[in-house]
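Trainee: Here is a sequence together with a model predicted from it:
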Amino acid sequence: MPMGKIVSRFAPSPTGFLHIGGARTALFSWLIARSRGGEFRLRIEDTDRERSTDEATRAIIDSMKWLGLDHDGEIVHQSERADRHNEVIDQMIASGHAYYCQCSKEDVDAMRERAMAEGRKPKYDTTCRERGLTSGAVRLKAPLEGATAFRDMVKGPIVVENAEMDDMILRRSDGTPTYNLAVVVDDHDMGVTTVLRGDDHVNNTPRQILIYQAMGWDVPEFGHVPMILGPDKKKLSKRHGALSVMEYEKMGYLPEAVCNYLARLGWSHGDQELFTMDEMQALFNPDNLGSSPSVFDLTKFEWVNGQYMQKADPDRLAGLLCDFLAREVGAEEAAKVDRATFAKIAPLLQPRAKSVVDMLEQARPFIMDASFLHYDEAAVRKFLTDETKPLLEAVARRMQALPEFSEASLEAMHKAFIEERGIKFKEIAQPIRVAIMGTTQSPGLFETMAVLGREQTLARLERALAL
RNA sequence: GUCCCCAUCGUCUAGCCUGGUCCAGGACGACGGCCUUUCACGCCGUUAACAGGGGUUCAAAUCCCCUUGGGGACGCCA
């Protein structure tokens, strides 16, 4: 455990979008820094020029920003640091911790196959170790005996026999540094004290520690979080939810909800399910990270999002509704509905909507003109009958005469009306609902009518009467 | 093949380190009910798990060993 300020990092390779698994790793790294008042750095591992794209880099940065995972300092691009990496490799050669190797790919493959056949670990057989070559690829002169141990923040103590590891390549014969070397040099140069990353790196860790030791550098603390599984318990794939973070944005999920769900997937704080970003920062502790893989459950994710939809500021939701509508029908068309209108509708829909998209869907009958309202056929047949229509007509007349068209006055008016007629509210509620909304489901009638306003309400009643 | 990791309700998990308070708690879901002007929300209840086997111990979900099952790694990819 580092004594001073902790520095954590997230270091994705820009070969694709930031998916949900990567986002969780980023979130945990961010949390561990923020919870301990440390720094959180971002490094793009773009040394694989073939597969890295600027588009992916941008997508990762956008996703992080959207999630609210702010980073400190400049973004480091690994590809720009090759000189420094080579400098370190040269130092290791000079100090005798690394050596040149001229074995061909075929030679090494043959070695591996032979070892495999004999039931041994496939590894490089150190042929070039003492040949004193002065060119070729560069390998680490790894210790042949002993063991390398570290205490993983999530998995506990891990020990690997040095005999299990081979002399890994540090610099390829084309002069480019390899991943394991670059990671160590960059983490060291960036002052990283805490490395939280995916499970698939546990095996790399002892190798990397060997490099730290060869250079005489402080070894950071490591933590490896298990991966996220799909409902079939297989590695999460595009099929079931390994979507890019921005896909969830498009589906109308709120960023805090995404963080909350992701945080609870593999981390816990007693029985608490819901955490604000501030609470997460205050309560996060790597000791509570789980060590077994977890299944991504869209149903629970939706529930979490629904909770955040309920608690969200209506005005914020209104802004989102405007944005989503604009995406759908274009800015010009969307401008016909103002934010204030959505701000009035949002509170009615908050307990009912699982997402922004869902809310926009439910807001539709509110924002369209009476003349375009869609009437559900079955609902019309059932509720707009010869018995109910006269009632609706009478109610409409009273609405017209109402001095003030508010939720309270509407309620009072309806109450008086049913008392006079000696009927139950139930008898007119659904007919009214179908008449003004076109369906049998909507928020409370009085609040709905109040939001609609007198003009729209009456226009809809009129249209319904004519059906 | 070798090495590493993992294993509590269908799912996310608490408990495990520091055995007894656990005939295992919470949450999502499912089911039933309440509320109610519909749909939601909310509330109440039901359902359902310590992978298996051996130890250690007065006592084990908790400690040890084995088995099984799952995953990962073994690249001049990252």
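Mentor: Sure thing, it's come through. Numbering: from 1, shown residues only, chains lettered A, B, ... in the order given.
Trainee: Within the helices and strands, which one has the most far-flung residue of chain A relative to its centre?
Mentor: Residue farthest from the centre of chain A, counting by CA atoms, centre = their mean, is residue A:420 at 56.2 Å. Per DSSP states H and E, residue A:420 falls inside helix A:407-421.
Trainee: Please apply the same query to residue A:336.
Mentor: Judged by DSSP H and E, residue A:336 forms part of no helix or strand.
Trainee: and what of the one 10 residues further on?
Mentor: Using DSSP H and E, residue A:346 maps to helix A:339-349.
Trainee: The helix or strand following that helix near RNA strand B at all?
Mentor: Next in sequence after helix A:339-349, counting helices and strands by DSSP H and E, comes helix A:356-367. No: with CB under 7 Å from any atom of the strand as the criterion, RNA strand B is not reached by helix A:356-367; the gap is at least 8.4 Å. Every residue, glycine included, has its C-beta placed from N, CA and C.
Trainee: list the buried ones in the least confident helix or strand in chain A by mean pLDDT?
Mentor: Here the helix or strand of chain A ranked lowest by mean pLDDT, DSSP states H and E is helix A:105-117, holding a mean of 82. For helix A:105-117, the neighbour count (16 or more other CB atoms under 10 Å) marks A:108, A:111, A:112, A:115 as buried.
Trainee: where does the stretch 51-200 of chain A dip in pLDDT?
Mentor: Counting by pLDDT under 70, the stretch 51-200 of chain A contains no low-confidence range.
Trainee: Tell me which helix or strand the closest residue to residue A:15 other than its chain neighbours sits in.
Mentor: Closest residue in space to residue A:15, ignoring its immediate chain neighbours: residue A:51 at 4.3 Å, by CB to CB, 6 or more residues apart in numbering. Here residue A:51, judged by DSSP H and E, is contained in no helix and no strand.
Trainee: three-state assignment of residue A:8?
Mentor: strand (DSSP: H, G, I helix; E, B strand; the rest coil).
Trainee: Okay, and the beta partners of it?
Mentor: For residue A:8, the beta-bridge partners under DSSP bridges are residue A:40, residue A:194.
Trainee: What's the separation between it and residue A:222?
Mentor: 11 Å (CB to CB, to the nearest Å).
Trainee: any shared contact partners between the two?
Mentor: A:195, A:196 (CB atoms under 8 Å, 6 or more residues apart in numbering).
Trainee: which of the two has more neighbours?
Mentor: Per other CB atoms under 10 Å, whichever of residue A:8 and residue A:222 has more neighbours is residue A:8, with 27 against 23.
Trainee: can I assume that one is in contact with residue A:27?
Mentor: No: if you go by CB atoms under 8 Å, residue A:8 and residue A:27 don't touch, sitting 11.3 Å apart.
Trainee: re the thing from before, of the buried residues of helix A:105-117, which fall within the contact range of RNA strand B?
Mentor: Among those, the residues within reach of RNA strand B (CB under 7 Å from any atom of the strand) are A:108, A:112.
Trainee: can I get the buried residues of helix A:105-117 in TSV with distance to residue A:448?
Mentor: Putting those into TSV (distance: CB to CB, whole Å) gives the following:
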residue	distance to residue A:448
A:108	73
A:111	76
A:112	71
A:115	74
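Trainee: quick check: longest helix of chain A.
Mentor: The helix that spans the most residues within chain A, counting by DSSP state H, is helix A:445-465.
Trainee: got a list of contacts for that helix?
Mentor: Here helix A:445-465 makes contact (CB under 8 Å, 6+ apart) with A:344-345, A:348, A:366, A:369-371, A:373, A:375, A:380, A:384, A:389, A:392-393, A:395-396, A:399-400, A:402, A:405-408, A:410-411, A:414, A:429, A:432-437, A:442.
Trainee: What is the neighbour count of residue A:386?
Mentor: Neighbours of residue A:386 under the rule other CB under 10 Å: 6.
Trainee: Looks to me like it is in a helix.
Mentor: No: looking at residue A:386 with three-state DSSP, it is coil, so not inside a helix.
Trainee: What spatial separation is found between it and RNA strand B?
Mentor: 21 Å (CB to the nearest atom of the strand, to the nearest Å).
Trainee: Show the pLDDT at that residue.
Mentor: Here, the pLDDT recorded for residue A:386 equals 92.
Trainee: repeat for residue A:240
Mentor: For residue A:240, the predicted pLDDT is 66.
Trainee: what's the burial count for the nearest residue to residue A:285 once chain neighbours are set aside?
Mentor: The shortest distance from residue A:285 to any non-neighbouring residue, by CB to CB, 6+ apart, is to residue A:35 (7.1 Å). Here the number of neighbours of residue A:35 (other CB under 10 Å) works out to 16.
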